[in-house]
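> Here is my input; please provide its structure:
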Amino acid sequence: MHKASFVAAGILGSRLAGLVRLRVFAHYFGLQSEAADAFNAAFRIPNFLQNLFGEGALSASFIPVYARLVAGGDPRAASRVAGAVGALLGLTIAVLVLGGVLAAPLLTAVLAPGFTGAQRDLTTALVRILFPGAGLLALSAWCLGILNSHERFLLSYAAPVVWNGAMIGTLVAFGGGAETARLAILLAWGSVAGSALQVAVQVPAVLRLAPALTLQLDLASAHVRTVVRTFVPALVGRGVVQISAFIDTLIATWLPTGAVTGLANAQLLYTLPVSLFGISVAAAELPALAGDAAAARATRDTTGLRARLETGFRRIAFLVVPSMVVFLALGDLVASALLQTGRFRHEDAVYVWGLLAGSAIGLLAATLSRLCASAYYALGDTRTPVRYALVRVGLGTVIGYVLAIIAPGWLGLPPSWGAAGLTLAGGMTAWVELSLLWRSLDRRLGPTRLSASYLARLSLAAFAGTAAAWGTRAILPAWPPAGLVLPVLGAFGIVYLATAAACHVPEARALLTGTRAPG
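As a prediction, this is how the structure comes out:
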């Protein structure tokens, strides 16, 4: 089994658990709920800490150094580096968590300015509860870095299942009788408990792989200094990405009730293919890319590195192009099947589809950018992705504000649809970022691209799959969304795969024959 498949399997398990959590949350809170908006806004604030110090920044800085020591047959040095990084990360996060808890009212006022009265008070209380859990999830990413360097991908990416499970259990246990504001508080505590469990399930495997591991600060180590030096720009890069998400949430707090929750729902659905196909390939290939980059520096021959990137681009596109088309053409069915339950109505699902369609415009670009960023990290360059991310955020903020706040009035749309303008702006600017990343890689490595003919064949297959899906949907109009989604998406997938194989797409033929695609 290809290592990216283990990453994808772990992510799939955690994302499926996340979708179950999303459905249960929708059942008890619905969309038009101030408590739901408060929880999703509050969750975004401490989640910044997790994402800032978590997987992305550590992958860029820690994994290349630790993996080289492991591959070089020096497990004691690798364990010392891991312990020093873990101690430094833990100390930094402890300080930031304490600051976040104390500054919760200020953070809420700045980052959720559209909330007032009881909703703002609830958001502040939720931020205070959620911050320690976010710190634990950042430490979970340190465990992930160690496991990934030893090519133990499944556990590290499947660990969030227990976090989602704790939140689901909390909702089921207390959702029946609790008022929504109290349920939001209980759910926040369930999230903290799940964060602790997510770390706990990884620790035994970490200790087996690094038996000499001790948490001890060691800033004198050259390896640790290398991690810190590359971590800082990677941290800034992750911060830039998170700032973009914060700005979207901030603007959404000025929109009618339901916009923040609708945006959170659409983002969770949107990130499913990004995580499954972008992160899985990028994370699995990062250690190998680092080796190819080292060989390229030694021989001045970038052929191997470019070939690995192009293979990764094809794998990602083969899976993301149909995901993008499904979100655009069948997003109402997907949202209805997953979310339409309890207090969540059909018109709420249609609203989420509108938001999801905006994000889908940039789905392929955002996913390919993950692999491009890994290529830069492998080359030891964490600054270039930051510069281009800043361009994306700047453009996205301006375009997003216009489309969310001003454009609905111009177009005669309800103000709530301004949230779709935010996702559309993000989708558009994702293509700007990808084009900049590609151009810079071209100058460094030589041309590295997805061929236009390959994308055309994938697009043809996706449109054929859409026709089959719409036909199936027309035949079964009376079926409820939850029962209809599997046959409709099944028809899409079968026709897409068959058409792609007929169009000589190697990945489709390999999947049908059970062999590996060339490259």
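> Any stretches of the protein with poor pLDDT?
1-8, 46-60, 233-242, 276, 278-288, 290-291, 514-519 (pLDDT under 70).
> domain parsing for it?
The record, using automatic domain parsing to delimit domains, assigns the chain the ranges 3-450, 451-519.
> Look through this protein and tell me its longest helix.
When the chain is parsed with DSSP state H, its longest helix is helix 303-339.
> now the following helix or strand past that one and helix 303-339, what's the angle there?
Scanning forward in sequence from helix 303-339 by DSSP states H and E, the next helix or strand is helix 346-360. Relative orientation of helix 346-360 versus helix 303-339 (axes from the mean of the first three to the mean of the last three C-alpha atoms, to 10 degrees): 170 degrees.
> residues making contact with helix 346-360?
Applying C-beta atoms under 8 Å, 6 or more residues apart in numbering, the external contacts of helix 346-360 come out as 26, 30-32, 258, 262-263, 265-267, 269-270, 323-324, 327-328, 331-332, 334-336, 339-340, 416-417, 419-427, 481. (Each C-beta comes from the backbone N, C-alpha and C, glycine too.)
> ok now it, how far from the chain's centre?
Centre-to-centre, helix 346-360 and its host chain are 18 Å apart (C-alpha atoms, centre = their mean, to the nearest Å).
> Can you point out the buried residues in that helix?
348, 349, 351, 352, 353, 354, 355, 356, 357, 358, 359, 360 (16 or more other C-beta atoms under 10 Å).
> Could you dump those residues into TSV and include distance to residue 77?
What follows is the buried residues of helix 346-360, written out as TSV (distance: C-beta to C-beta, whole Å):
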residue	distance to residue 77
348	54
349	53
351	54
352	49
353	52
354	53
355	48
356	47
357	50
358	48
359	43
360	45
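> Nearest to residue 513 among the residues you listed?
Closest approach to residue 513 among those (C-beta to C-beta): residue 360, at 30.2 Å.
> From residue 22, how far out is that closest one?
Using C-beta to C-beta, to the nearest Å, residue 360 is found at 18 Å from residue 22.
> list the helices and strands the helix or strand where residue 142 lies packs on?
Residue 142 belongs to helix 117-149 when assigned by DSSP H and E. Helix 117-149 is packed against helix 34-53, helix 55-71, helix 75-102, helix 104-111, helix 153-158, helix 180-209, helix 280-299, with contacts defined by 3 or more C-beta pairs under 8 Å, 6 or more residues apart in numbering; DSSP states H and E.
> Show residues contacting the next helix or strand after the shortest one.
Read that as helix 153-158. Going down the chain from helix 153-158, the next helix or strand is helix 160-174, by DSSP H and E. Contacts to helix 160-174, defined as C-beta under 8 Å, 6+ apart, come from residues 13-14, 17-18, 20-21, 24-25, 27-28, 137, 183, 186-187, 189-191, 193-195, 197-198, 201.
> Let me know the next secondary structure element after the helix or strand residue 375 falls within.
For residue 375, the enclosing helix or strand under DSSP H and E is helix 363-378. Sequence order places helix 384-401 as the next helix or strand after helix 363-378, per DSSP H and E.
> That next one to helix 363-378, inter-axis angle?
Using the same axes, to 10 degrees: helix 384-401 against helix 363-378 is 150 degrees.
> After helix 384-401, which helix or strand is next?
According to DSSP H and E, the helix or strand after helix 384-401 is helix 407-411.
> Determine the set of other helices and strands touching the next helix-or-strand element following that next one.
For helix 407-411, the following helix or strand on the C-terminal side (DSSP H and E) is helix 418-445. In terms of contacts (3+ C-beta pairs under 8 Å, 6+ apart), helix 418-445 is packed against helix 222-252, helix 259-273, helix 303-339, helix 346-360, helix 363-378, helix 384-401, helix 407-411.
> Pipe those into JSON lines and attach distance to residue 40 per row.
Formatted as JSON lines, the helices and strands packed on helix 418-445 follow (distance: least, C-beta to C-beta, whole Å):
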{"stretch": "helix 222-252", "distance to residue 40": "8"}
{"stretch": "helix 259-273", "distance to residue 40": "4"}
{"stretch": "helix 303-339", "distance to residue 40": "14"}
{"stretch": "helix 346-360", "distance to residue 40": "13"}
{"stretch": "helix 363-378", "distance to residue 40": "21"}
{"stretch": "helix 384-401", "distance to residue 40": "18"}
{"stretch": "helix 407-411", "distance to residue 40": "21"}
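> No more questions from me, cheers.
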